[in-house]
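# Fold the stuff below for me.
(2 chains)
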Amino acid sequence: MGDFIHLLVSGTATGAIYALAALGFTLLWQAAGVINFSQGEFVMLPAFAMLFGISFGLPLWLAFLVACVLAAIVLGLGFKRAIADRLMGHGVIPLVIATLGVSIAVKSIVRAGYSAEAHPVPSPFPGGVLSIGGINVSYADIGTLVMAGAIVIGLQAFLNRTVTGRAMQAVAQNTESARVLGIDVRRMVAYVFGINAVLAVVTALLIAPTYLAKFDMGDSIGQKAFFAAIIGGFNQTRGALLGGVLIGVLENLVGFYVSPAYKEGVALALFLAVILFRPEGLLGKAEERKV
Amino acid sequence: MIRIPRLLAVATLALFAAPALAQAPIKIVGLVELSGTGATSGTNFDNGVKLAVKEINAAGGILGRQVQYTSGDTQSNPGVAKALAQKAIDDSAYVVMGPVFSGSILVSMEETRRAEVPNFTGGEASAITQKGNPFIFRTSFTQASAMPKVARYIKNGLKAKTVDVMWVNNDFGKGGRDMIVKSLEAEGIKVGADISTDPGQVDFSSAVLKAKQSNGDALFVYTNEEESARALRELRKQGYAKPVVGETTLTSQKVIELAGEAANGAVAHVGLSADAPLPTIKAFDAAFQREYKAKSDHNGLKGYSGMYFVKVITERIGKVDGKAFAAAMKGAKISVKDNPGVLMDVTFDQNGDLDRESFLSKVVNGKQVIVETLPPLGAK
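Okay, the predicted model is just below:
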């Protein structure tokens, strides 16, 4: 029983990280109709930005804050203006191809600048294990759960309880109606891109100590986040959370009770099952879009 | 009327061209993992070869000819390695260096064998030199010679009765897993949990939990560098407190750098180490750090010494001839006294396997410390 609870907690912690990246997918899709296939690289770049800051003597928390600001400018507004704005309105395919291109280009640049080798990233949490009633949980898992949980709750509160958040939801639900109501649609969409970029930095902070900073570290996290978003429902932020946690927990259970060799296939198997039997996702709503 | 001047011109050109051709550089081609899961290994191996080539050329080359080294990225993919081996042959390579990954060399060496081009590898899977290929040579120990030393340490040093084994599911890992299980059983040690992991695996939580639940006296970890670091981090994260033992990669410089404090206490048998207390290796370590501003792992030493094997044997046969080179490698003994670049006295057998001294290393305060020098197997 102790092992099972340990697997649940550590799986939920890993899943919460997937969920943060998946949230970015769903937010961008709802607000701007953008599927960002370079989401994994949006996580990889801040990891290297933090490493860069640390190499100049910045403490991790300051490097993280600097990375947040840089990400909001470059991966948020910069990405929106340079790519998304130019291709929105031309359908999904050009955006998919463009973001795939961004993914390849970013990986090549980082590989050229930082080599193909992995680099260690310090953990924001202390090492060690907390034992409660025979159940061992690491401080890193507890810290990850608390931080990811706080971010998700904070984001939900922002979206549901603030004027700006509600305006963003209005834009996501119906852009034309939102415009008629006097909402500055362009600004709201820009906010979404900024939020996605900051979520990517938080994901990087939580995942890089385990994944290690490497030019292709985004491949795995990007893929898992995409699967999580599809599994939960691409048009539901709650769906992204459910999808992420489901993948994290099931990966852990399969890795332990079946074999660690099969855990990487869990997300794909779930993804296939959902696509076949409930294409709108577990919490998603069927919708039609003109493409 | 016109033919005689033409003949004269051709003869004159030939006269001037002959020395130039004789001085044409010796082509050595590297097939190395510069990206993918083997990037750390391949980059170090490649840098080791490059450093040796630089030194050899500065000292006048091989038989008075400069060495021209070019390397291609296998992307840690056997298919790409095979294609690059074919390209190396098309480019008239005298010797091929690499790949480092066992899975890649097992595929690519068929090409170099067919073309009768000598091929040095950093791969450690036993199967590499058991296929009767007369053109394949190692730069490191085979698992068959390293694992008995590890098992002996687990029995005598740790007094362990049951050992859990965590290994990576590729040619390197499978070969190592089979050899350590055989060696442990030969020493009367029981194998507890047999934990397979994936190449490139990032999350070791369930694998480590399996080891914890198994309750063995020690854990043997046999994965590639990045995975070793992740495994060590997860072991530390979950509070695993029993001895962690490995072979070569576990205490390598890159693993220590990536795992940080979590690497402390890990013990491994290493065939080559930049921290070995030998003057030749200390000189190599200093030169490598000067050149690349980083410390080499064992793969750097493999590439470096491998390139010096090429120099020594080529000078021994007195010509640039792949077939003669391969023949001269059989049973070759190379002394470090006459050839400091080979780093340690070494003997090659008829299969291309090598034998030399090795070391038992431990990570102490984030540094690899050699705690014991083990004699060559042939010395026993």
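# alpha carbons only for contacts and neighbour counts from here, please
OK.
# tell me the contacts of residue 113?
Just going to use chain A. A:Gly113 sits next to no residue when contact means Cα atoms under 8 Å, 6 or more residues apart in numbering or on different chains.
# Chain B, not that one
B:Asn133, B:Pro134, B:Phe135, B:Ile136.
# Enumerate the residues of the stretch 1-150 of chain B near chain A.
Counting by Cα under 8 Å from any Cα of the partner chain, the stretch 1-150 of chain B comes close to chain A at B:Leu34, B:Ser35, B:Gly36, B:Ala39, B:Thr40.
# what about 7 Å?
The stretch 1-150 of chain B has residues B:Leu34, B:Ser35, B:Ala39, B:Thr40 near chain A, with proximity defined as Cα under 7 Å from any Cα of the partner chain.
# buried residues in the helix or strand harbouring the last one?
Think B:Thr40. Under the criterion of DSSP states H and E, B:Thr40 resides in helix B:39-58. Within helix B:39-58, the residues scored as buried using 16 or more other Cα atoms under 10 Å in any protein chain shown are B:39-54, B:56.
# so what's the residue sitting nearest the centre point of chain B up against?
A centroid search over chain B (Cα atoms, centre = their mean) returns B:Gly122, at 2.6 Å, as the residue closest to the centre. Contact analysis of B:Gly122 by Cα atoms under 7 Å, 6 or more residues apart in numbering or on different chains lists B:Gly98, B:Pro99, B:Val100, B:Arg138, B:Thr139, B:Ser140, B:Asn299, B:Lys302.
# Go ahead and report the secondary structure state at the third one.
Three states are possible here, and by DSSP: H, G, I helix; E, B strand; the rest coil the one that applies to B:Val100 is coil.
# Excluding chain neighbours, what is closest to it?
B:Gly122 (4.2 Å; Cα to Cα, 6 or more residues apart in numbering or on different chains).
# quick one on the thing from earlier: who does the helix holding B:Thr40 touch, helix- and strand-wise?
Judged by 3 or more Cα pairs under 7 Å, 6 or more residues apart in numbering or on different chains; DSSP states H and E, helix B:39-58 is in contact with helix B:298-317.
# On the C-terminal side of the helix it packs on, identify the next helix or strand.
helix B:322-329.
# and that following helix, what's its mean pLDDT?
The pLDDT scores in helix B:322-329 average 97.
# Just give me how far that helix sits from the chain centre.
20 Å (Cα atoms, centre = their mean, to the nearest Å).
# For the residues of the stretch 1-150 of chain B next to chain A, give me a markdown table that also has distance to B:Lys190 and pLDDT.
Below are these laid out as a markdown table (distance: Cα to Cα, whole Å; pLDDT from 0 to 100):
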| residue | distance to B:Lys190 | pLDDT |
| --- | --- | --- |
| B:Leu34 | 38 | 91 |
| B:Ser35 | 38 | 86 |
| B:Ala39 | 34 | 88 |
| B:Thr40 | 33 | 86 |
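# which among the residues you listed gets closest to A:Gly284?
Ranked by distance to A:Gly284 (Cα to Cα), the residues of the stretch 1-150 of chain B next to chain A are led by B:Ser35 at 38.4 Å.
# Would you mind giving the secondary structure of the closest residue to that closest one other than its chain neighbours?
Among residues not flanking B:Ser35 along the chain, B:Gln75 sits closest, at 4.7 Å (Cα to Cα, 6+ apart). Going by three-state DSSP, the secondary structure assigned to B:Gln75 is coil.
# Run through the residues that contact B:Gln75.
Counting by Cα under 7 Å, 6+ apart, B:Gln75 makes contact with B:Glu33, B:Leu34, B:Ser35, B:Gly36.
# Could you double-check that the last one sits in contact with B:Ser76?
What that stands for is B:Gly36. Yes. Applying Cα atoms under 7 Å as the test, B:Gly36 and B:Ser76 come out as touching, 5.3 Å apart.
# Would you pull up the residue in the stretch 51-200 of chain A closest to chain B?
Of all residues in the stretch 51-200 of chain A, A:Pro120 sits closest to chain B, at 4.7 Å by Cα to the nearest Cα.
# pLDDT value on the residue lying closest to that residue once chain neighbours are set aside, please?
Setting aside the residues directly before and after it, A:Pro120 is nearest to B:Leu258 in space (Cα to Cα, 6+ apart), at 4.7 Å. Model confidence at B:Leu258, given as pLDDT, is 92.
# any idea which helix or strand carries B:Leu258?
helix B:253-259.
# What is that helix packed up against?
helix B:225-237.
# quick one, the helix it packs on and helix B:39-58 angle?
Interaxial angle of helix B:225-237 relative to helix B:39-58 (axes from the mean of the first three to the mean of the last three Cα atoms, to 10 degrees): 130 degrees.
# can you tell me if helix B:225-237 touches chain A.
Yes. Helix B:225-237 lies within reach of chain A by Cα under 7 Å from any Cα, at B:Arg230, B:Lys237.
# any idea how far that helix is from the chain center?
22 Å.
# What lies in contact with that helix?
Helix B:225-237 has contacts (Cα under 7 Å, 6+ apart) with A:127-129, A:138, A:210, B:200-202, B:204-205, B:208, B:249-250, B:254-255, B:258-259, B:262-263.
# what's downstream of it, the next helix or strand?
strand B:244-247.
# buried ones in the helix or strand hosting A:Leu45?
Following DSSP H and E, one finds A:Leu45 within helix A:39-55. Going by neighbour count (16+ other Cα under 10 Å), the buried part of helix A:39-55 is A:39-51, A:53-54.
# Now flag whichever of those is closest to A:Leu250.
For the buried residues of helix A:39-55, the nearest to A:Leu250 is A:Gly40 (21.2 Å; Cα to Cα).
# With chain B as the reference, measure out to that closest one.
15 Å (Cα to the nearest Cα, to the nearest Å).
# Show the pLDDT at B:Gly157.
pLDDT, read off for B:Gly157, is 90.
# Equivalent analysis for B:Pro375, please.
84.
# I'd guessed it sits against B:Glu357; true?
Yes. Counting by Cα under 7 Å, B:Pro375 does reach B:Glu357; the two are 4.7 Å apart.
# re the thing from before, kindly indicate which of the contacts of B:Gln75 lies nearest chain A.
Closest to chain A out of the contacts of B:Gln75 is B:Ser35 (5.5 Å), distances taken as Cα to the nearest Cα.
# neighbours of the closest one, just the number please.
Close neighbours of B:Ser35, defined as other Cα atoms under 10 Å in any protein chain shown, add up to 22.
# now B:Ala266
For B:Ala266, the count of nearby residues is 21 (other Cα under 10 Å).
# For it, give me its contacts.
By Cα under 7 Å, 6+ apart, the residues touching B:Ala266 are B:Val244, B:Val245, B:Thr251, B:Lys362, B:Val363.
# Nearest to chain A among those?
B:Thr251 (15.6 Å).
# more crowded one of B:Gly36 and B:Ser76?
Set B:Gly36 next to B:Ser76 and count neighbours by other Cα under 10 Å: B:Ser76 wins out with 24 against 19.
# where exactly do the helices run in the stretch 101-250 of chain B?
In the stretch 101-250 of chain B, the helices defined using DSSP state H, counting those that start in this stretch lie at B:102-114, B:143-156, B:171-186, B:205-214, B:225-237.
# most neighbours per residue, which of these?
When these are scored by mean count of other Cα atoms under 10 Å in any protein chain shown, the highest mean neighbour count falls to helix B:225-237 (a mean of 26).
# what angle sits between it and helix B:205-214?
Counting by the same axes, to 10 degrees, helix B:225-237 lies at 50 degrees to helix B:205-214.
# Only alpha carbons, please: show helix B:225-237 as PDB.
This file holds the C-alpha atoms of helix B:225-237, laid out as PDB (Å, rounded to 0.1, in the frame of the first residue of the first chain):
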ATOM      1  CA  GLU B 225      25.900   8.400 -19.000                       C
ATOM      2  CA  GLU B 226      22.800  10.500 -19.000                       C
ATOM      3  CA  GLU B 227      20.600   7.700 -17.700                       C
ATOM      4  CA  SER B 228      23.200   6.800 -15.100                       C
ATOM      5  CA  ALA B 229      23.000  10.400 -13.800                       C
ATOM      6  CA  ARG B 230      19.200  10.400 -13.800                       C
ATOM      7  CA  ALA B 231      19.200   7.000 -12.000                       C
ATOM      8  CA  LEU B 232      21.600   8.300  -9.300                       C
ATOM      9  CA  ARG B 233      19.500  11.500  -8.800                       C
ATOM     10  CA  GLU B 234      16.400   9.400  -8.400                       C
ATOM     11  CA  LEU B 235      18.100   7.000  -6.000                       C
ATOM     12  CA  ARG B 236      19.200  10.000  -3.900                       C
ATOM     13  CA  LYS B 237      15.700  11.500  -4.200                       C
END
